[in-house]
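> Model the structure of this input:
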Amino acid sequence: MASAGRGNPYQLAGALGLPPWKVERAQRQGRGWTAHGLALAMQAAADANAQVKGGSDDRAYALERAVFAVARARSETNGGADR
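Alright, predicted model coming up:
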């Protein structure tokens with residue numbers, strides 16, 4: 001969805017097979033993220049998912065690391081404005 005950019009949500013909705021409100025919501029949530037920052041956040045979520053489902057002895061710590069990794073990815077995305 002981030003690659004859809006700022007296009008008309010009604011036109012994008014038809015092309016993506018989604019209702020327009022979901023496209024608008026994804027556009028709002030995607031503002032301020034770069035493709036690289038979003039990829040870092042998604043990787044952190046995937047890693048946490050694997051660790052929580054048995055790849056880690058301390059699931060709470062795995063989740064904590066994921067939260068910090070996503071925050072770091074977001075901060076890197078907007079040039080550190082959240083720091």
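> Give me the pLDDT for residue 4.
Predicted confidence (pLDDT) at residue 4: the value is 50.
> Mind telling me which residue is nearest the centre of the protein?
residue 38 (4.8 Å; C-alpha atoms, centre = their mean).
> buried sites along the helix or strand where it lies?
In this assignment (DSSP states H and E), residue 38 forms part of helix 35-50. For helix 35-50, the neighbour count (16 or more other C-beta atoms under 10 Å) marks 37, 38, 40, 41, 44, 47, 48 as buried. Bear in mind the C-beta positions are built from the backbone N, C-alpha and C, glycine included.
> tell me the contacts of the fifth one?
Contacts for residue 44 (C-beta atoms under 8 Å, 6 or more residues apart in numbering) come out as 65, 66, 69, 70, 73.
> List the buried residues for the longest helix seen in the chain?
The helix spanning the most residues in the chain, taking DSSP state H as the definition, is helix 59-77. Going by neighbour count (16+ other C-beta under 10 Å), the buried part of helix 59-77 is 62, 65, 66, 69, 70, 72, 73, 74, 76, 77.
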